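Colleague: generate a structure from the sequence data that follows.
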Amino acid sequence: MAANNNPTIRRRRLGAELRRLRLASGLKSKEVAELLMVSQPKISHLENGNRAISPRDVRDLCAIYGVTDQQVIDSLMQMAKESGQQGWWHAYGDIPQSIYIALETDATSLHAYESMTIPALLQTPAYAHAVIKETIPPLTADEAGARLKVRLRRQHRIYNPSHPLRLWVVLDETSLRRVVGSPDLMREQLEHLNALGAEPHIVVQVLPYTAGAHPGLSGQFSILRLADSSAAAVVHLERFTSDLYLEKPSDVQHYSVLHDHLQAQALSPDSSRDFITDVTKTYIDAASHPEYGEGR
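Modeller: So this is what the prediction gives:
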């Protein structure tokens, strides 16, 4: 999905432009809030793109900022109108991480470190179903089905021949060894992972246990590079109830350096494929022994 069709990205761009106009006017957000008789957090949410903004609000803000070019005002009001529309994911109901999905949909590249599971974009349907079922209880069958459809729809980005998402993933060995579902399901997942890792726009590296302590021990993270000029990149930290989105250049730089260090400590892409193949063989062996399931 292109950026101009993504309502969340339009909202972010609109917020960034309104912030630029406010700074050019010399006004502080607190002063603007007082003039509009709203709370200061509302102004911050509007400028960060975390909240929809009405064309009327845009018109009032333009008046406060001294914007007189009608073409500029009309353009901003049209962005406000379009930003109120919903992205494709809303058709599946109340899906968490809607902000992240919007950013991922518009990203040009994604650098990620995952310590516990295979990343969502690289999961097979069976693996994704097992993860959703076991890690987000209690869900009804319909809720789990909706989340699975959204997850699989997100994967369209890495299969888009005209605009594929460039993906660089560092996986802790734990994500390969953790048995999700069954040994046979894991075999299928790791074979799928190796197949995707052979694609020119996807890099998969494994960080083995032998690497010892490393910068990723504090948890998983993702760095999304955006086509949106208002924010070159966003760091996503997934949490159980409320995710974090870091956009300060210093934060983005910090996590970019962390990812660089993880890449350096991980096996090369070729060695990672060999490593994944070896782990896959252990699942083939495990699946051939019925007593494996009895001992779990």
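Colleague: list the buried residues in stretch 16-24.
Modeller: 16-19, 21-22 (16 or more other C-beta atoms under 10 Å). (Each C-beta comes from the backbone N, C-alpha and C, glycine too.)
Colleague: what about those residues, which are in helices?
Modeller: 16-19, 21-22 (DSSP state H).
Colleague: ok, so of those, who is nearest residue 88?
Modeller: Closest approach to residue 88 among those (C-beta to C-beta): residue 16, at 23.2 Å.
Colleague: could you tell me how many residues sit around residue 83?
Modeller: 24 (other C-beta atoms under 10 Å).
Colleague: all strands of this protein, in order?
Modeller: Along the chain, counting by DSSP state E, strands occupy 107-114, 166-172, 202-207, 221-226, 233-237, 244-246.
Colleague: so what strands line up beside the first one?
Modeller: Paired strands of strand 107-114, with direction, are strand 166-172 (parallel), strand 221-226 (antiparallel) (DSSP bridges).
Colleague: beta partners of residue 204?
Modeller: For residue 204, the beta-bridge partners under DSSP bridges are residue 169.
Colleague: test my guess that it contacts residue 197.
Modeller: Yes: under the criterion of C-beta atoms under 8 Å, residue 204 makes contact with residue 197 at 3.7 Å.
Colleague: hang on, isn't residue 155 packed against residue 124?
Modeller: No: assessed by C-beta under 8 Å, residue 155 is found out of contact with residue 124, at 10.0 Å.
Colleague: low pLDDT regions in the stretch 1-150 of the chain?
Modeller: 1-9, 84-85 (pLDDT under 70).
Colleague: which residues in it form helices?
Modeller: Ranges of helices in the stretch 1-150 of the chain, per DSSP state H, counting those that start in this stretch, are 7-25, 29-36, 40-48, 55-65, 70-83, 98-106, 125-135, 141-154.
Colleague: please report the distance of the nearest residue to residue 45 once chain neighbours are set aside from residue 263.
Modeller: Nearest non-adjacent residue to residue 45, counting by C-beta to C-beta, 6 or more residues apart in numbering: residue 51, 4.0 Å away. Going from residue 51 to residue 263 by C-beta to C-beta, to the nearest Å gives 36 Å.
Colleague: same question, residue 248
Modeller: Applying C-beta to C-beta, the value for residue 248 to residue 263 is 23 Å.
Colleague: these two: which is more packed in?
Modeller: More neighbours surround residue 263 than the other of residue 248 and residue 263, with 17 against 9 (other C-beta under 10 Å).
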